[in-house]
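[1] Quick one, fold the following:
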Amino acid sequence: MRFAFFILLLLSAMLRADDWPQWLGPQRDSIWRESGIIDAFPAGGPKVLWRVKIGGGYTGPAVAAGRVYLMDRQVAEKSSVPGNAFARGIIPGTERVLCLDAKSGATVWEHRYECTYTMSYSTGPRCTPVVSGGKVWTLGAEGNLLCLDATDGKVLWSHDFKTEYGARTPMWGFAGHPLLDGQRLICLCGGSGSVAVAFDKDSGKAIWRALDAREPGYCPPTMIEAGGAQQLILWHPQAVNSLDPATGKVFWSYPWEVRAGLTVATPRLAGDMLLLSSFYTSSKCFKLDASKPAATLQWEGKSFSEKNTDTLHSLISTPFIENGHIYGVCSYGQLRCLKLDTGERLWETFAVTTGGPPVRWANAFLIKHENRFFLANEQGDLIIAKLSPKGYEEISRAKLLKPTTTDPRRAVVWSHPAFANQCVFMRNDEEIVCASLAK
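    Numbers count the residues shown, from 1 in each chain. Sure, this is the predicted structure:
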């Protein structure tokens with residue numbers, strides 16, 4: 001009996017548990033490293049542990065120290081939202097930072113503030129919270145940056161990008177997920193000389209600001225290590241830039257005019273190759289210098305069409321690179337596999353996103369777990385599948401949410417899930433759900 005108990009304790013200790021405290025997970029790489037996860041969904045789908053009603057938003061949840069953090073939006077009474085989601089109106093309402101108990105879904109605290117929306121696609125906030133060291137940092141869709149006490153939601157410091165930096169709300173709102181780098185919280189901002197601003201994470205004091213551009217774009221600040229240095233990759237609609245994260249000094253820059261300001265997809269590093277992908281202007285892949293912070297163009301797509309694409313035209317989804325191959329969702333929902341060294345396409349399928357014909361902006365998020373992927377599509381399905389140069393192999397599928405966001409003139413779920421505590425946390429504009437994925 002004692003021996004069996006000892007073995008049980010040993011097995012429990014061997015199970016790896018991780019939080020999901022920021023965009024794309026603990027290491028910001030869309031890899032889920034927990035163990036003891038199901039191989040396939042049971043009949044009827046995974047066990048739902050709780051569902052909680054929330055407001056609208058694209059913000060993915062963050063999970064840390066037994067709590068779930070997210071943002072949502074409530075439109076003021078008697079206010080109207082433009083019938084055309086592309087239209088920019090003036091829409092009174094509030095943004096809210098919400099903290100829930102990860103086991104029960106019970107509300108621990110909330111912080112609400114007035115926030116008039118002026119952007120297109122006005123459903124709600126975009127950026128996943130960042131949680132670390134007892135603090136949570138959030139960036140709202142109109143440029144309200146907050147640092148809150150993770151325990152009780154007390155505001156420790158704040159900034160307003162529009163009033164302090166002269167930034168103009170981008171067409172689709174402030175959407176670059178903040179990056180925590182040591183003592184620095186690095187944000188896409190906007191305004192003269194401040195495409196990016198680094199703040200002291202504890203005091204909120206600006207440490208440096210950098211870059212000029214017509215607009216900041218939407219691409220999350222991304223940290224890589226190459227050429228013997230830490231490099232901060234900032235991709236705005238006029239150039240790809242590498243900066244010294246400590247000072248904001250530019251290491252290298254490559255001009256790239258991106259239509260409609262759509263620098264969105266997170267850059268991906270694999271070895272000495274750096275991939276960036278755009279909806280209209282295809283992909284570019286850079287080879288990074290081994291001895292210093294520098295880069296040369298390895299290959300680029302030639303298509304400027306959203307329909308007649310050549311390599312990979314990502315919009316919302318972050319590509320994944322593994323064993324010399326790229327997996328990513330293209331402009332009309334094509335899950336594609338390409339060779340990393342050349343950009344050559346090997347295969348594509350619509351099985352993950354539309355299940356049939358191409359649909360503009362059709363999306364799925366790719367999360368690697370062990371030897372397979374969890375894919376969360378815009379219809380609220382969670383899919384387990386294997387991806388390889390040989391093709392797409394679906395293992396299991398379950399519907400966890402209904403699509404509710406109608407901004408793109410169809411109902412979708414465009415919020416990245418979180419994976420922690422052997423569970424998945426997914427939200428739409430009406431609820432957040434926690435479902436067990438434990439064996």
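[2] nearest spatial neighbour of Leu188, skipping sequence neighbours?
    Excluding the flanking residues, the one nearest Leu188 by C-beta to C-beta, 6 or more residues apart in numbering is Gly176, at 3.2 Å. For glycine as for every other residue, the C-beta is placed from the backbone atoms N, C-alpha and C.
[3] So, low pLDDT: which residues of the stretch 101-250 of the chain?
    For the stretch 101-250 of the chain, applying pLDDT under 70 flags no range at all.
[4] Which residue ranges of it form strands?
    Counting by DSSP state E, counting those that start in this stretch, the stretch 101-250 of the chain has strands at residues 107-114, 130-132, 135-139, 144-149, 155-160, 179-181, 184-188, 196-200, 206-210, 222-226, 229-236, 239-243, 250-255.
[5] For Val63, find the nearest of those.
    Smallest distance to Val63 across the strands of the stretch 101-250 of the chain (C-beta to C-beta): 8.1 Å, for strand 130-132.
[6] Could you list the paired strands of the closest one along with their orientation?
    strand 135-139 (antiparallel) (DSSP bridges).
[7] what comes into contact with the strand it pairs with?
    If you take C-beta atoms under 8 Å, 6 or more residues apart in numbering as the criterion, strand 135-139 is touched by 62, 69, 71, 97, 99, 125-127, 129-131, 145-150, 156, 174, 176-178, 180, 185, 187, 201-202.
[8] rerun at 6 Å
    The contact list for strand 135-139, computed with C-beta atoms under 6 Å, 6 or more residues apart in numbering, reads 69, 71, 97, 127, 129-130, 145-148, 150, 174, 178, 185.
[9] Could you do stretch 203-221 as well?
    Contacts to stretch 203-221, defined as C-beta under 6 Å, 6+ apart, come from residues 23, 157, 170, 175-177, 179, 184, 186, 188, 190, 193-200, 234-238, 243, 247-248, 261, 263-264, 266.
[10] what's the farthest-apart pair in the contacts of strand 135-139?
    Of all pairs in the contacts of strand 135-139, the most separated under C-beta to C-beta is Ala150 and Phe174 at 21.6 Å.
[11] Neighbour count for those two, which is higher?
    Per other C-beta atoms under 10 Å, whichever of Ala150 and Phe174 has more neighbours is Phe174, with 27 against 23.
[12] separation between that one and Leu312?
    Distance of Phe174 to Leu312, computed by C-beta to C-beta, to the nearest Å: 26 Å.
[13] One more: Ile383?
    Applying C-beta to C-beta to Ile383 and Leu312 gives a distance of 20 Å.
[14] Who has more neighbours out of the two?
    Leu312 (28 against 20).
[15] Next up, phi/psi of the more buried one, please.
    Main-chain torsions, Leu312, degrees, to the nearest 10: phi -140, psi 120.
[16] Just list the residues touching it, thanks.
    Going by C-beta under 6 Å, 6+ apart, Leu312 touches 277, 283, 328, 330, 336, 338.
[17] Okay, and the last one sits in which element?
    Counting by DSSP states H and E, the element that carries Leu338 is strand 335-339.
[18] What's the local residue count around Arg88?
    Around Arg88 there are 16 residues (other C-beta under 10 Å).
[19] Tell me the spacing between it and Val68.
    31 Å.
[20] residues near Leu382, how many?
    Residues within reach of Leu382, counting by other C-beta under 10 Å, total 24.
[21] Can you give me the distance of the closest residue to Leu24 other than its chain neighbours to Ser314?
    In space, and not counting its chain neighbours, Leu24 is closest to Ser30: 4.5 Å by C-beta to C-beta, 6+ apart. Going from Ser30 to Ser314 by C-beta to C-beta gives 13 Å.
[22] for Gln334, same thing?
    10 Å.
[23] more neighbours, the two?
    Taking other C-beta under 10 Å, Gln334 and Ser314 do not tie; Ser314 has more neighbours (27 against 21).
[24] contacting residues for the more buried one?
    Listed by C-beta under 6 Å, 6+ apart, the contact set of Ser314 reads 265, 277, 328.
[25] among the residues you listed, who's most crowded?
    In the contacts of Ser314, the most neighbours by other C-beta under 10 Å go to Ser277, 30 neighbours.
[26] now the host helix or strand of that residue and strand 229-236, what's the angle there?
    Per DSSP H and E: Ser277 is located in strand 273-278. With axes from the mean of the first three to the mean of the last three C-alpha atoms, to 10 degrees defining the directions, strand 273-278 sits at 10 degrees from strand 229-236.
[27] Which residues outside strand 273-278 are in contact with it?
    Residues lying outside strand 273-278 but in contact with it, judged by C-beta under 6 Å, 6+ apart, are 235, 258, 265, 267-268, 283-286, 288, 312, 314, 319, 340.
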